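> What follows is a predicted protein model with its sequence.
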2 protein chains.
Amino acid sequence: MRKRAVTKLDHKVPAKSRKKPRRGRPRQSDDGVKARGRLLDAAESLFAERGFYGVTTRQVADAADVDVALIYYHFKNKSGLFDGVFERRARPLVSARRDSLHAYVTSTRAVTVEGAVAAFINPMIDLSLHGDAGWKSYFALVAQIDNTPWGGEIIHRFFDDNVHELIDVLQNALPGSPKKELYWAYNFLAGSMMLALSGTERVDRLSQGLCHAKDLEAARLRLLNYCAGGFLAMVTAERLSGRA
Amino acid sequence: MRKRAVTKLDHKVPAKSRKKPRRGRPRQSDDGVKARGRLLDAAESLFAERGFYGVTTRQVADAADVDVALIYYHFKNKSGLFDGVFERRARPLVSARRDSLHAYVTSTRAVTVEGAVAAFINPMIDLSLHGDAGWKSYFALVAQIDNTPWGGEIIHRFFDDNVHELIDVLQNALPGSPKKELYWAYNFLAGSMMLALSGTERVDRLSQGLCHAKDLEAARLRLLNYCAGGFLAMVTAERLSGRA
DNA sequence: TTCGGAATTCAGCGTACGTTGAAATTATGC
DNA sequence: GCATAATTTCAACGTACGCTGAATTCCGAA
């Protein structure tokens, strides 16, 4: 080995001591969880840590305790694996948010900004808190590619409908406010929310231990007040100044 | 060539038609701009597009129109190049924000949240709008690594002092409000701000052309109202509920 | 004028990457 | 029971990666 610097991160995947590699289709009683699922789990976690380019297919395969070639069998190539990771959780997330928004508008008499924002945010926080562990990785991954130039395509493909649903509800809460303002405000909300869900513990270190990013209940409460307050302040400022 | 999929992005760097590769130290009249600077510029732009792992040293060298080996001569290795990119603009940015905050507190009689947030945000927006083109890439890069688990180290090393300065000013604007709340609120601000400066044009597509992420004046105005409103709403909610 | 050091190119080392084809083993439908 | 399909491992291909040592050319100080 010749030096091999590049110390941005350095971590071997533990290579979970596979027992006896046996060729061919596995006996159906082999181990409940199928290789495809294990690959998605491993990839989810690794992509969340280092992004698409920072992970090699062999690392994913090792972490999943299967052969590399299985990635190409199940997902065609590395990009396919990435898409698989992304899609698996996008569907349930989008449904959960849609249901949450719908439940809110049908349960209340007069919709409020706070209520709408809560209905949009809560499913994510609840999944991160009480869903299986992969959700945390997934949100970290989404946060990462959301701030990436090439991530737009995927984000839009899966999440735009959801956002338009939110905007529609918000327009009922703030009648007469131009959509343009609501989109801007949503963009700010998205930035805050993704950083809160990213799992990076910036705020812990910044605040020297006063705040804990992992405490999502604390984050939920504050994010709600902050975003609702921001929305209201923005549209009232817009109304007062009467700009387009 | 064997197939070479991985279509997350596909782009060759144009390889700017180097003229006459001449060995040895260049004549001082060769071309004003030194290779070191050209490498930083090229790396800045490429890292901003695809992140640390998504860029190869050869791509950087080609874009800078110099030999790869120069990267290792000037920066020791790929990580060193990355650090070089990061540091070059961090220093002036931190100074600009410090000066801006200082100018604000000395120029006004009673500091406000809005004023403090403006003093913090404006230097970045102004640099992105009126600084040299590299600033846009730089902010895109910062936005990207800020949402990354491994980015914390660098972000903290360069930007924490600045944030503490902002928090101090904010505490004067909101006397009695606990620091904990201010740190949370800053975290939300940071998320919104970075997304706004990231150069990703999410909001353009989302709003179907109503909003333009490139219109930083529009973003500045709204980000200001939004964040100031959020800060105020958050600390008042905290005061009313009287929680720790 | 000389000479050490600064800045550059060149050619290549060793490794790890994404990907594949073939073989092996089991499951499933007729 | 038998053919076919599904799922896996194995061994390798060709390429591109990060990085380096040596050679080359020019600058600047003595």
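Cool, got the structure.

> nearest spatial neighbour of the residue nearest the centre of chain A, skipping sequence neighbours?
For chain A, the residue nearest the mean C-alpha position is A:Phe139 (2.6 Å; C-alpha atoms, centre = their mean). Sequence neighbours aside, A:Leu197 is the residue nearest to A:Phe139 in space, at 4.1 Å (criterion: C-beta to C-beta, 6 or more residues apart in numbering or on different chains). (Each C-beta comes from the backbone N, C-alpha and C, glycine too.)

> ok, that neighbour touching A:Met124?
Yes. At 6.1 Å, A:Leu197 counts as touching A:Met124 under the criterion of C-beta atoms under 8 Å.

> Give the residues shared as contacts by these two.
Shared contacts of A:Leu197 and A:Met124, defined by C-beta atoms under 8 Å, 6 or more residues apart in numbering or on different chains, comprise A:Phe139.

> before we move on, back to that, so the residue nearest to the centre of chain A touches A:Ala196, yeah?
No. Taking C-beta under 8 Å as the definition, A:Phe139 is not a contact partner of A:Ala196, at 9.2 Å.

> between these two, what contacts are shared?
With contacts defined as C-beta under 8 Å, 6+ apart, no residue is shared by A:Phe139 and A:Ala196.

> any residue of the helix or strand of chain A with the lowest mean pLDDT up close to chain B?
Scoring the helices and strands of chain A by mean pLDDT, DSSP states H and E places helix A:216-241 at the bottom, with a mean of 91. Yes. Helix A:216-241 reaches chain B (C-beta under 8 Å from any C-beta of the partner chain) through A:218-219, A:222-223, A:225-234, A:237-238.

> most surrounded residue in those?
Highest neighbour count within the residues of helix A:216-241 next to chain B, by other C-beta atoms under 10 Å in any protein chain shown: A:Tyr226, with 33 neighbours.

> That residue and A:Tyr183: what is the separation?
For A:Tyr226, the distance to A:Tyr183 (C-beta to C-beta, to the nearest Å) stands at 18 Å.

> could you point out which element follows the lengthiest helix in chain A?
Of all segments of type helix in chain A, defined using DSSP state H, the longest is helix A:78-107. Sequence-wise, the next helix or strand downstream of helix A:78-107 (DSSP states H and E) is helix A:113-130.

> Excluding its own residues, what touches that next one? List them.
For helix A:113-130, contacts defined as C-beta under 8 Å, 6+ apart pick out A:93, A:96-97, A:99-101, A:103-104, A:108, A:135-136, A:139, A:162, A:166, A:169-170, A:173-174, A:189, A:193, A:197, A:216-217, A:219-220, A:223-225, A:227-228, A:231-232.

> now the next helix or strand after that helix against helix B:134-146, angle please.
Next along the chain after helix A:113-130, taking DSSP H and E as the criterion, comes helix A:134-146. Relative orientation of helix A:134-146 versus helix B:134-146 (axes from the mean of the first three to the mean of the last three C-alpha atoms, to 10 degrees): 180 degrees.

> could you give the angle of the next helix or strand after helix A:134-146 to helix A:134-146?
Downstream of helix A:134-146, the next assigned helix or strand under DSSP H and E is helix A:152-173. Angle of helix A:152-173 versus helix A:134-146, following the same axes, to 10 degrees, is 100 degrees.

> what pLDDT, on average, does helix A:152-173 get?
Rounded to a whole number, the mean pLDDT of helix A:152-173 is 96.

> what about the residue nearest to the centre of chain A, distance to A:Pro123?
From A:Phe139 to A:Pro123 the distance is 11 Å (C-beta to C-beta).

> go on, A:His102?
12 Å.

> now swap in A:Leu182 and tell me
Applying C-beta to C-beta to A:Leu182 and A:Pro123 gives a distance of 20 Å.
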